[in-house]
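Visitor: Sequence plus the predicted model coming up.
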Amino acid sequence: MSSNTYDAIVIGSGLGGLTAGALYARAGHRVLILERNAYFGGAATTYQHGALTVEASLHEVSDPNDPRDSKGRILKALGIIDDLEFEPVGDFQQVRGRYFEQPFTLPHGFDKAQEALTSRFPDHRDAFRRLFEKLKTVQEGVAMIGEQHDSWWWFTHAPIVPLKLWPLLRDMRLSLTDVFDELFGDDEAPKIALAANLNYYADDPDTLWWLYYAIAQGDFLSSGGTFIKGGSGRLSAQLVGVIEEEGGAAKSRRTVSEILLDAGAAVGVAHTASDGSDRREAFAPVLFGNAAPPVLAQALPADAREKFLKPYEDRRPSTSLFSISLGIGKRPSELGFTHYSTLLIPDWIDKLSDYSRSAALLAKPPGENMPVMAVVDYSAVDSGLNREAPFLISVVGADRVANWEKLDKETYNNKRDAWLAAIIKEIDRTFPGFQGAVTQREMATALTMRKYLNTPEGAIYGFAQEPPKGRPVISSEKGVKTMIPGLWLASSYGGMGSFSGAMVTGALAAQAVIKEGR
């Protein structure tokens with residue numbers, strides 16, 4: 001095999017691409033990773049900023065040691081699960097806001113979570129019972145559906161599907177708002193207690209697919225949340241290590257400028273340095289696309305783009321976020337922090353659907369209303385980050401590229417700095433002394449996300465997870481196969497968002513290629 005010929009080439013090094021590449025490499029294939037940035041891992045990156053070690057994105061992942069956790073099965077198959085430490089984060093989250101005279105703590109574990117919710121909202125005891133039955137049904141249903149079945153399979157295999165799983169079909173096309181309204185009516189407090197962290201998944205519960213929420217939130221509530229000790233960059237490094245160990249290569253600061261086709265099928269790529277110089281070609285019968293479909297399309301020959309993009313023409317990008325990293329000169333526990341993850345719900349939020357208005361606040365300079373915010377204290381667990389001052393606090397909330405993209409550099413910087421100061425001041429209202437303890441600060445906006453992740457609208461979870469119009473498909477290889485033979489999606493765009501979703505999609509892509517015998 002020549003130096004520029006491989007069994008597979010991965011375009012981009014997010015977790016989906018790295019997972020596909022690592023699994024394919026373990027199957028005995030030589031794999032090349034090409035990454036446009038300096039670091040591998042996409043959002044799964046840890047970097048140094050002054051005296052602060054910053055976690056780029058990861059706050060929590062479901063416990064991979066839970067036998068039901070698909071991410072854990074992947075890590076075991078690769079033989080690297082024991083090379084990573086997953087630190088339990090304690091309770092799922094604490095929620096603070098005007099709906100909660102005393103902060104509400106949502107623990108991990110279905111039984112514990114149901115008990116805590118019922119204790120705080122006793123009038124909804126039966127609604128919580130039905131909700132957790134739904135969550136358990138979703139988990140069982142997804143496990144049974146496996147990797148290849150859509151909703152039609154349920155009808156054609158009716159005799160062997162347990163009757164208790166049939167309610168899953170009824171909820172297939174519902175939004176989160178549809179389900180919560182059915183259960184809790186117009187009482188918004190239990191809805192916010194359950195979905196205070198909504199912005200991790202979407203910016204509007206009215207359009208968020210119930211099933212996606214149930215899978216993602218259900219995983220955390222059932223198996224517990226963990227943090228990868230040392231940061232998410234450790235996971236990315238392990239996946240890169242598998243590829244190199246199996247004779248492959250990983251090259252950073254290389255941008256794929258062209259996807260090469262022969263008779264309509266992908267056969268390789270051309271890649272350049274960051275400035276467009278030093279054009280080189282690499283060949284492989286399999287390409288795993290870790291980039292967004294619109295980005296991959298730009299690398300295809302012009303006459304192939306329309307065909308490639310056709311399946312995605314009705315899909316819109318997922319939400320984006322702002323992400324703030326703060327260095328604190330004293331332990332957050334001395335300022336009143338009691339939990340790893342705290343959700344601050346501003347007073348203007350009257351109902352869960354109001355979350356859809358949060359991102360738009362950043363279109364203007366900060367005013368009286370602040371966005372919904374998740375505040376994460378990495379010193380609350382043995383994270384392996386910043387064991388001494390400055391301690392790392394992360395703050396995230398919904399954002400949009402449109403809030404920032406038309407500003408000149410000076411206006412952008414001034415507006416960003418004003419929002420950064422206002423958000424720090426807002427956190428100080430809940431944790432007095434916080435503002436004075438901040439020694440280091442930085443803010444990434446949705447525009448930053450777009451530039452770094454190279455995704456439309458700064459999307460962080462692939463396509464928006466909206467209730468399907470046609471037959472719903474869960475974790476199917478149909479999502480990873482593209483209209484270009486030899487080119488496969490290995491990212492959240494081929495399945496569902498989040499770290500686990502991206503890894504599962506990458507695994508499906510590798511498995512689909514192996515099944516096809518390429």
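Guide: Perfect, thanks for sending it. Quantities reported herein were computed from a predicted structural model and do not represent experimental measurements. Numbers count the residues shown, from 1 in each chain.

Visitor: Neighbours of Ser353, how many?
Guide: Ser353: 17 surrounding residues under other C-beta atoms under 10 Å. C-beta here means a position set from N, CA and C on the backbone, and glycine is covered the same way.

Visitor: Check the one 3 residues further on too.
Guide: For Ser356, the neighbour count with other C-beta under 10 Å is 17.

Visitor: hang on, isn't it packed against Asp206?
Guide: Yes - counting by C-beta atoms under 8 Å, Asp206 is a contact partner of Ser356 at 6.8 Å.

Visitor: Helix, strand or coil: sort out Phe322 for me.
Guide: strand (DSSP: H, G, I helix; E, B strand; the rest coil).

Visitor: where does the protein dip in pLDDT?
Guide: 1-2, 141-169, 470-477, 518 (pLDDT under 70).

Visitor: and it, what are its domains?
Guide: By the assignment in automatic domain parsing, the chain contains the domains 8-54+61-85+232-315+467-516, 93-223, 319-453.

Visitor: Distance to Ile460 added to the ones you listed, as TSV?
Guide: Supplementary listing: the domains of the chain in TSV, determined by distance: least, C-beta to C-beta, whole Å:
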stretch	distance to Ile460
domain 8-54+61-85+232-315+467-516	7
domain 93-223	9
domain 319-453	6
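
Visitor: I'd assumed Gln298 was in a helix, is it?
Guide: Yes - using three-state DSSP, the assignment for Gln298 is a helix.

Visitor: In contact with it, which residues?
Guide: Applying C-beta atoms under 8 Å, 6 or more residues apart in numbering to Gln298 gives the contacts Arg305.

Visitor: let's see 10 Å
Guide: Neighbouring residues of Gln298 by C-beta atoms under 10 Å, 6 or more residues apart in numbering: 256-259, 291-292, 305.

Visitor: Tell me the one of these nearest Met483?
Guide: Using C-beta to C-beta, Arg305 is the member of the contacts of Gln298 that lies nearest Met483, at 10.3 Å.

Visitor: Surely the closest one is within a helix?
Guide: Yes - per three-state DSSP, Arg305 lies within a helix segment.

Visitor: burial measure for it, as a count.
Guide: For Arg305, the neighbour count with other C-beta under 10 Å is 16.

Visitor: Would you mind measuring from it to Leu487?
Guide: According to C-beta to C-beta, to the nearest Å, Arg305 stands 12 Å off from Leu487.

Visitor: same question, Leu194
Guide: 40 Å.

Visitor: ok, these two, which is more surrounded?
Guide: The neighbour count for Leu194 versus Leu487, taken as other C-beta under 10 Å, is higher for Leu194 (25 against 21).

Visitor: you'd agree that one is in a helix?
Guide: Yes - counting by three-state DSSP, Leu194 is found in a helix.

Visitor: show me the contacts for it.
Guide: Applying C-beta under 10 Å, 6+ apart to Leu194 gives the contacts 95, 104, 106, 113, 117, 121, 128, 131, 176, 180, 183-184, 213, 217, 221, 352.

Visitor: now Asn386
Guide: Applying C-beta under 10 Å, 6+ apart, the residues near Asn386 are 51-55, 327-328, 378-379, 392-393.

Visitor: Would you mind measuring from it to Phe227?
Guide: According to C-beta to C-beta, Asn386 stands 13 Å off from Phe227.

Visitor: any chance you could map the helices in the stretch 101-250 of the chain?
Guide: If DSSP state H, counting those that start in this stretch is used as the criterion, the helices of the stretch 101-250 of the chain fall at 110-120, 125-145, 151-156, 167-170, 176-184, 188-195, 210-223, 233-245.

Visitor: can you redo those helices as TSV with distance to Lys425?
Guide: Converted to TSV, the helices of the stretch 101-250 of the chain look like this (distance: least, C-beta to C-beta, whole Å):
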stretch	distance to Lys425
helix 110-120	29
helix 125-145	36
helix 151-156	49
helix 167-170	45
helix 176-184	31
helix 188-195	23
helix 210-223	30
helix 233-245	31
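
Visitor: To Arg429, which of those lies closest?
Guide: Proximity to Arg429 (C-beta to C-beta) singles out helix 188-195 among the helices of the stretch 101-250 of the chain, at 18.7 Å.

Visitor: Relative to the whole chain's centre, how far out is that closest one?
Guide: Computed by C-alpha atoms, centre = their mean, to the nearest Å, the chain-centroid distance of helix 188-195 equals 22 Å.

Visitor: Can you list the buried residues in it?
Guide: 188-195 (16 or more other C-beta atoms under 10 Å).

Visitor: closest to Ser13 among those?
Guide: Proximity of the buried residues of helix 188-195 to Ser13 (C-beta to C-beta) peaks at Ala195, which lies at 31.8 Å.

Visitor: ok, now which ones touch the closest one?
Guide: So Ala195 contacts 95, 106, 176-177, 180, 201, 205, 208, 213, 217, 343, 352, 355 (C-beta under 10 Å, 6+ apart).

Visitor: Most neighbours among the residues you listed, which one is it?
Guide: Neighbour counts for the contacts of Ala195 peak at Leu176, which has 29 neighbours (criterion: other C-beta under 10 Å).

Visitor: Excluding residues flanking it in the chain, which one is nearest Ser252?
Guide: Glu35 (4.7 Å; C-beta to C-beta, 6 or more residues apart in numbering).

Visitor: Make sure the one you found is actually in contact with Ile243.
Guide: No - using C-beta atoms under 10 Å, Glu35 is not in contact with Ile243, being 11.8 Å away.

Visitor: Overlap of the contact sets of those two?
Guide: 10, 13, 18, 250.

Visitor: any idea how far Val269 is from the second one?
Guide: Spelled out, it's Ser13. Going from Ser13 to Val269 by C-beta to C-beta gives 14 Å.

Visitor: between these two, which one's more packed in?
Guide: A side-by-side neighbour count of Ser13 and Val269, using other C-beta under 10 Å, places Ser13 first with 28 against 22.
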